[in-house]
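Student: Following is a predicted model, sequence given first.
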Amino acid sequence: MVRNRPVERRAIVAGSVLAAVIGLALLGPLLAPHPPGEVVDMPYGPARGATPLGTDHLGADVLSRLLAGGRTLVLLSLAALGVAYLAGATAGMLAALRGGRTDTAVLRVTDVLLSMPGFLLLSVLVVAAGRGPAGVGVATAVVLLPDIVRVVRAATLQVLQHDYVEAALARGESQRHVLVREVLPNLASVLAADAGVRFVGAVFVIATAGFLGYGAQPPAADWGLMILENRDGLSLQPLAVAVPAAAVLLLLLSANLLLDSAFPARQPARRGSRPAGGSAADPDAVLRLRGLTVDADTPDGPRTVLDGLDLELRRGRLLALVGPSGSGKTTAALAALGELRPGLTHRAGEAVLAGHAVLHLQDRALRRVRSRHAGYVPQDPRTSLAPMLRVAGHLGEYLRARGVPRAARPELIRSAVRRVRLPDDDEFLRRHPHQLSGGQRQRVALAAALAHRPDVLVLDEPTSALDQATASALLADLRQLCQDDGPAVLLVAHDLAQMASIADEVAVLDGGRLVERGPAAQVLAHPQSAAGRRLVEAARGALVQDRAAAELPQHAPEPPARPVLAVRGLSARRGDRTLLDGIAFDVEPGGCLSVVGPSGGGKTTLLRCLAGLHDDRAGDIELDGVPLARGLRGRSPEQLRRLQLVPQDPHSSLNPRHTVERIIARPLGRHRPELDPAGLRAAVRELLERVGLDEEFATRRSAQLSGGQRQRVALARALASGPAVLLCDEVTSALDPPTAATVVALLARLRDELGVALVVVTHDLTVPARLGGRMAVLADGRIKEAGPVGQLLTASADPTTEDLLLGVPGLPSPEPRRAATRTRP
Amino acid sequence: MSRTGPLARALRSLAGAVGTLLAASLLVFGATALVPGDAAAARLAGRAGPERIAELRHGLGLDQPWWQRYGHWLWHAVQGDLGTSYANGTPVADLIAARAGNSLLLGAVAAALLLPLSVGLGLWAGLRAGRAADRLVSGATLALVSLPEFVTGTLLVLLLAVGLGWLPAVSLPSAGNSPLSQPELLVLPVLTLVSVCLAQNVRLVRAGVIVASASDAAQAARLGGVPEGRVVLRWVLPAGIVPAVPVMARYLAHLLGGTLVAETLFGYPGLAAALVNATATRDTPVVLGIALIVATLTVMLNLLADALAGVLNPAAKNLS
């Protein structure tokens, strides 16, 4: 990469300087022309022949003392660092892994050590340990300790949260295996960076201790001590002070520079400059993109992101911009507001917003156009609001930007909040974002965007992180706001089905080109382009066809078998809160239970109870008729093997340091210890094939896999143990609809082929529609309703199920009969 | 999450702080008292025979077991009596009172310069990340971070006192005078302290500002037409400062509790310099008294920083 070259060069220079200084410090005593204590001239003698850097307060040669004075500093720093790191890293990791009392005790000790400024602690400890290098080394190690413990503890806690650690624990790996194989490899880079920082810290403390007279005692030479001794002669012989000071500086500066370039802080690139140009007024449409072409700078040269895009939009119309990921839909939406993300370059064409060519405007003019004519709602409700701004403050800022005087704001804030159907009482207006639900946050962002009645409203997948009931309520309200002289709405979406009921028009983007555009009903019923067909098939496949399948008795009623998994009276708590209450169900061998419900309803907790990861629970869970212990420790290896968890997040479910082969071979080897290495490899390939992956994937790591491929590997890992039940936690929630559909199809096939029972937790009703079997609706920690999927989807009795069903967007179906089976409000 | 009110939470963290202070005092007591040699020997070294030393030792109560001495000290300390100096018999509280003012003055002046400078420079550099101004600030702070306090101070003396002759190299006020009567004495120590502490804080604020400025929320505000100045003030600055607050609190405690190196370097009559003298003579009551005061200050500032971080970042309060 082009940008990294100067950084690399700086690292090389800094590294060489550091190596030279350390080398000189270590070898210096051998090179010194005089013994460090020998008096060769008068005190503070000037630089001349035999003494090129002059003499010090006793008349000893400064050069000789300089060469002799670095070895102790460097060696002592390394020793102190080693001791402190060994103790600190062990304590930090243990505290994170064990938690509870160990954690509290370790944190208490660091608190005590941190209750005094470092150098005061150092002084006190030096008194106890005695002056001299040994005492300083011990004291320095203690001073460094608390920060090391905290950094290592925090880093370990972070790694422990990853799903692959839970997956390893859930299949019964020992604590030692988890620490050494799963945690340590992922800590290595953090620890290396931190050790570098601590080395600098150690040099810092030990040099200062030398200056305070704690370390080497005269006549021994030490850089810090030299500065202390020769300060009185500063005006006579500045070299005696300046030279050791420069040596310390060089050592620390090169070390810091090396650290800085070797472990750069993440730094988002800045927005590129925009070309200047005149504005072209066009009063006909509020938003018009004409021949818009945008390139991305990549290491291999420019790549086209948008290719001659034409779009226009009137007030009161809602246009859904859909397409597969990477099709350029977000780029197009942001360009409509005059924004190009870093790394993107405007090549040709125009974006005209309310008569202004926004891609040609400079900052100030652009801001004025945006504040008058545009509103924007970002994608992720977790980050869409500033954490410190209250609801009223947030809206107030937007009104202020539009020149609304302070006195007029409170009333406008209330009406803006009411318009998006949020409460307008003072208590609500005083809330911070963390006191709002995801849906409420998006409504606040929407209220802010609409507060000044803009001409154009751009929303970037505003509902993709919300559950379906919340999402469809928000979209329905958006539809309402758009009518009665509302703004032109440009809505970026990847869920085509959701758009069916609210969009006037749908524009399909593929590879930066507009491949199809038309009224929503028409595009969805008869897509013309290949990309459009793919999107519609994914959406329709999930709903219409599979709902039909679900209504048919997919598996003929079998004679009741003994359930493989039986749950009776299960309740779970965290702290004072009850998460689950009175849960009961059976899963037959080879059966399938889908647990659906709104977010926060307890679905994931239920799976964690089954997997033994949440042990604060009561009630019975029986596997093969045998009650399971609450935690992992009480379960037998056989029980752990027969119950396998497939975690939710494909990004954290695989250890990034391990190859796919290693990830699958580990549980496989435990399950079938008779396999030799060749047999193991063959078995891994067989499993990969079973989940639909080529054998070439065996050598890849998770970074080289797509989200869908990762979920397939996670499935293969779970299958490697030969389980009787697979516990799947929202395995499709992070995938786009076409990929999700293939993963669900894979689950159904595995159930048929292997006879493995499935317990699937999901907020997506298309998943049970595809899988069939039974379904349980879980909300507020209770099962509201349970029964065969087809029955619940067509004739539900509980309002929660009804809400969920209403959240599932309908599609205009080619068969009118099918469309009539759904009632819409 | 347990359901406890803010009062219970405050009481619990206060109790934790007291526990920490007790442990710290025990640590210091152990360090000074459990090593060979004591104040009696140090005071009479070479001037008296063993009987005289033993007599003094008995007089000072040094022949009691350590835990009795610690308990005795603690009992009186809780009542506000920190004992008397072994070295010259003056009450420790008086000595601390005389020195603490000087340390606080030096630290407060340095802190008053440090905080606005850190935030200002960090914000300035963070908003210009990658540009020339940022590279200048980042380079300068990297160089400053690499300079130990004693090197910075010595170089400043070399330049401003010895080279240019503008300022005194030693900051010892004439007897009986407050350093305030000769403000020029404060310039070099304050400069040293600020330049040492500044770099780390600027780097932290800069990093926080860069992240906050690129956040979705700030981007959405810009796309909604909120002026850049308001985006910085309401979106970027609060989010950018939060990660720096605990570190700033540590620096503040470091400054206010007496800065050992600067006080030693410039001969400034502060708390930390007194502590160093007292550790050399094993003057346990003085060491304990000063360490307790400084540790109390540090722990209180940390509590304050936690509270401040809670105000600045309301979501964090909910998690703890």
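Tutor: Sure thing, it's come through.
Student: Counting by contacts, list what whichever strand or helix holds A:Arg372 packs against.
Tutor: Per DSSP states H and E: A:Arg372 is located in helix A:363-373. Contacts defined by 3 or more CB pairs under 8 Å, 6 or more residues apart in numbering or on different chains; DSSP states H and E place helix A:363-373 against strand A:356-357, helix B:216-223. The C-beta positions use only the backbone N, C-alpha and C, and glycine is treated the same way.
Student: Give me the angle between the last one and helix A:363-373.
Tutor: Compare the direction of helix B:216-223 with that of helix A:363-373 by axes from the mean of the first three to the mean of the last three CA atoms, to 10 degrees and you get 90 degrees.
Student: and helix B:216-223, what's its mean pLDDT?
Tutor: Here helix B:216-223 scores 84 as its mean pLDDT.
Student: which of the residues in the helix or strand following that helix are buried?
Tutor: Heading C-terminal from helix B:216-223, the first helix or strand you meet, by DSSP H and E, is helix B:228-230. Using 16 or more other CB atoms under 10 Å in any protein chain shown as the test for burial, helix B:228-230 gives B:Glu228.
Student: Check which helices and strands helix B:228-230 sits against.
Tutor: Applying 3+ CB pairs under 8 Å, 6+ apart, we find helix B:228-230 packed against helix A:391-401.
Student: Give the rounded mean pLDDT of the helix it packs on.
Tutor: Here helix A:391-401 scores 88 as its mean pLDDT.
Student: Check stretch A:65-79 too.
Tutor: Stretch A:65-79 comes out at a mean pLDDT of 89.
Student: Any residue of that stretch touching chain B?
Tutor: No - Stretch A:65-79 does not reach chain B (CB under 8 Å from any CB of the partner chain); its nearest approach is 11.3 Å.
Student: Export only the CA atoms of that stretch, formatted as CSV.
Tutor: Provided in CSV are the C-alpha atoms of stretch A:65-79 (Å, rounded to 0.1, in the frame of the first residue of the first chain):
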residue,chain,number,x,y,z
ARG,A,65,31.5,7.7,31.8
LEU,A,66,28.9,8.0,29.0
LEU,A,67,30.0,4.7,27.4
ALA,A,68,30.0,3.0,30.8
GLY,A,69,26.8,4.4,32.1
GLY,A,70,24.1,2.9,29.8
ARG,A,71,24.6,-0.8,30.4
THR,A,72,23.0,-1.0,33.8
LEU,A,73,20.1,1.2,32.6
VAL,A,74,19.2,-1.0,29.7
LEU,A,75,19.8,-4.4,31.4
LEU,A,76,18.0,-3.3,34.6
SER,A,77,15.0,-2.0,32.5
LEU,A,78,14.7,-5.3,30.7
ALA,A,79,15.0,-7.3,33.9
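Student: Helix or strand with the lowest mean pLDDT in chain B?
Tutor: Sorting the helices and strands of chain B by mean pLDDT, DSSP states H and E puts helix B:314-319 at the bottom, at a mean of 48.
Student: Tell me the strands beside the very next helix or strand once past the helix holding A:Arg372, with direction?
Tutor: Using DSSP H and E, the next helix or strand after helix A:363-373 towards the C-terminus is strand A:374-377. Paired neighbours of strand A:374-377 in the sheet (DSSP bridges): strand A:456-460 (parallel).
Student: Beyond the strand it pairs with, next helix or strand please.
Tutor: helix A:468-482.
Student: Buried ones in that next one, by neighbour count?
Tutor: Within helix A:468-482, the residues scored as buried using 16+ other CB under 10 Å are A:468-475, A:477-479, A:481-482.
Student: check contacts around residue 19.
Tutor: Answering for chain A, as no chain was given. With contact set as CB atoms under 8 Å, 6 or more residues apart in numbering or on different chains, A:Ala19 has no partners.
Student: my bad, chain B
Tutor: Residues in contact with B:Gly19, defined by CB under 8 Å, 6+ apart, are A:Arg108.
Student: nearest residue to the spatially most central residue of chain B other than its sequence neighbours?
Tutor: With distances taken as CA atoms, centre = their mean, B:His254 lies nearest the centre of chain B, 1.3 Å away. Spatial nearest neighbour of B:His254, chain neighbours left out: A:Pro117 (4.5 Å); criterion: CB to CB, 6 or more residues apart in numbering or on different chains.
Student: how about the residue of the stretch 151-300 of chain B found nearest chain A, what does it touch?
Tutor: At 2.7 Å from chain A, B:Gly225 is the closest residue in the stretch 151-300 of chain B, using CB to the nearest CB. Neighbour list for B:Gly225: A:Arg367, A:Arg368, A:Val369, A:Arg370, A:Ser371, A:Arg372, A:Ala374, A:Tyr398, A:Ala401, A:Arg402 [criterion: CB under 8 Å, 6+ apart].
Student: and with 10 Å instead?
Tutor: B:Gly225 sits next to A:337, A:366-376, A:398, A:401-402, A:449, A:452, A:454 when contact means CB atoms under 10 Å, 6 or more residues apart in numbering or on different chains.
Student: Now do the phi/psi pair for it.
Tutor: Per-residue torsions, B:Gly225: phi 90, psi 10 (degrees, to the nearest 10).
Student: so is A:Leu524 in a helix, a strand, or just coil?
Tutor: helix (DSSP: H, G, I helix; E, B strand; the rest coil).
Student: so it sits right up against A:Glu505, yeah?
Tutor: No - counting by CB atoms under 10 Å, A:Leu524 does not reach A:Glu505; the two are 11.2 Å apart.
Student: Quick check: neighbours shared by the two?
Tutor: Residues touching both A:Leu524 and A:Glu505 by CB under 10 Å, 6+ apart: A:Met499, A:Gly518.
Student: Surely B:Leu191 and B:Ala110 touch.
Tutor: Yes - applying CB under 10 Å, one finds B:Leu191 in contact with B:Ala110, separated by 8.8 Å.
Student: circling back to that earlier point, find the one among the helices and strands packed on helix A:363-373 with the highest mean neighbour count.
Tutor: Between these, helix B:216-223 has the highest mean count of neighbours, a mean of 24, where neighbours are mean count of other CB atoms under 10 Å in any protein chain shown.
Student: Kindly calculate the angle that that helix makes with helix A:391-401.
Tutor: Using the same axes, to 10 degrees, helix B:216-223 lies at 30 degrees relative to helix A:391-401.
Student: now the helices for the stretch 151-300 of chain A?
Tutor: Remark: helices assigned in the stretch 151-300 of chain A by DSSP state H, counting those that start in this stretch are A:163-170, A:175-177, A:184-211, A:223-229, A:239-262.
Student: Tell me which of those sits most buried.
Tutor: With neighbours defined by mean count of other CB under 10 Å, none of the helices of the stretch 151-300 of chain A is more surrounded on average than helix A:223-229, at a mean of 25.
Student: Give me the mean pLDDT for it.
Tutor: For helix A:223-229, the per-residue pLDDT averages 86.
Student: quick one: it near chain B?
Tutor: Yes - counting by CB under 10 Å from any CB of the partner chain, chain B has neighbours in helix A:223-229: A:Trp223, A:Gly224, A:Ile227, A:Leu228.
Student: What helices and strands are in contact with that helix?
Tutor: Contact here means 3 or more CB pairs under 10 Å, 6 or more residues apart in numbering or on different chains; DSSP states H and E; on that basis helix A:223-229 packs against helix A:62-68, helix A:71-98, helix A:184-211, helix A:239-262, helix B:149-156, helix B:260-266.
Student: again, 6 Å this time
Tutor: helix A:184-211, helix A:239-262 (3 or more CB pairs under 6 Å, 6 or more residues apart in numbering or on different chains; DSSP states H and E).
Student: Thanks a lot, catch you later.
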